[in-house]
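Trainee: Got a predicted structure here, sequence first:
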Amino acid sequence: MYFIYVLCPIGWLGVVFDEFFSVKKIFVNKSIKTDKDIKIPDFALDFTNQLNLYFKGELLKFSYPIKLQDISDFDKKVLELTNEIPYGKTVTYNWIAKKLNTSPIAVGQALKRNPLPIVIPCHRVIKSDGSLGGYSLGVEIKKWLIEHERLVASKFR
DNA sequence: CTGGATCTACTGC
DNA sequence: GCAGTAGATCCAG
């Protein structure tokens, strides 16, 4: 079990790896005040490279190994569907709910427990009235990510 | 356009 | 059981 902090456009991200260097958990730490980058240990370079490319708009899909553990079957199904949403696109909670014969609110609960925000793109799930809905890292970050992907995707035409 | 009532299903106590 | 949601829908004002 290893962990790092890495500075990103949306703030400081904490990343936890398991013993085989798969990513296990991602979170934001708002209490770090410096904007001086911390040296990334060698074992984490593959992942942070992908992360940097994503924020530069040069990576549309993460291929780094992830580890989903201590997750219910229901949550896993929701996360797997969420992982299929293409870059720059959004779907609604209701759209996922209908595919799994559940309710939109249960989908929201499952996404709230997503241990790997950004990598598993739960920010691409919004409400059916067009508003954003919630986000475990804060709706401001959700808005940022959607706008970032929209801009990058629009250049690809 | 708004806010409330009511539906919904999953989790945690 | 029951309450609390990262939701949806309908209806009155």
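Mentor: Okay, I see it.

Trainee: With adjacent residues omitted, what lies nearest to the residue most central in space within chain A?
Mentor: Centroid-nearest residue in chain A: residue A:118, 1.7 Å away (criterion: CA atoms, centre = their mean). Leaving aside its chain neighbours, residue A:118 sits nearest to residue A:26 (6.3 Å; criterion: CB to CB, 6 or more residues apart in numbering). All C-beta atoms are positioned from the backbone trio N, CA, C, and that covers glycine.

Trainee: For burial, what's the neighbour tally of the one you found?
Mentor: For residue A:26, the neighbour count with other CB atoms under 10 Å is 22.

Trainee: Break chain A down into its domains, please.
Mentor: Domains of chain A are assigned by automatic domain parsing as A:2-56, A:73-155.

Trainee: Distance across the first one, terminal residue to terminal residue?
Mentor: Terminal residues of domain A:2-56 are spaced 26 Å apart (CA to CA, to the nearest Å).

Trainee: pLDDT weak spots in chain A?
Mentor: A:157 (pLDDT under 70).

Trainee: Look through it and tell me its longest helix.
Mentor: Using DSSP state H, we find that the single longest helix of chain A is helix A:139-155.

Trainee: so where do the strands sit in chain A?
Mentor: Assigned by DSSP state E, chain A shows strands spanning A:2-8, A:11-17, A:23-28, A:91-92, A:125-126.

Trainee: Now the third one: buried residues?
Mentor: Buried residues in strand A:23-28, counting neighbours by 16 or more other CB atoms under 10 Å, are found at A:23-24, A:26, A:28.

Trainee: relative to strand A:11-17, how tilted is it?
Mentor: Here the directions of strand A:23-28 and strand A:11-17 differ by 160 degrees (axes from the mean of the first three to the mean of the last three CA atoms, to 10 degrees).

Trainee: Pull the residues that contact strand A:23-28.
Mentor: Counting by CB atoms under 8 Å, 6 or more residues apart in numbering, strand A:23-28 makes contact with A:1, A:10-18, A:47, A:64-67, A:69, A:115-119, A:137-138, A:141, all of which sit outside it.

Trainee: go again using 6 Å as the cut-off
Mentor: A:11, A:14-16, A:18, A:66-67, A:115-117, A:137 (CB atoms under 6 Å, 6 or more residues apart in numbering).
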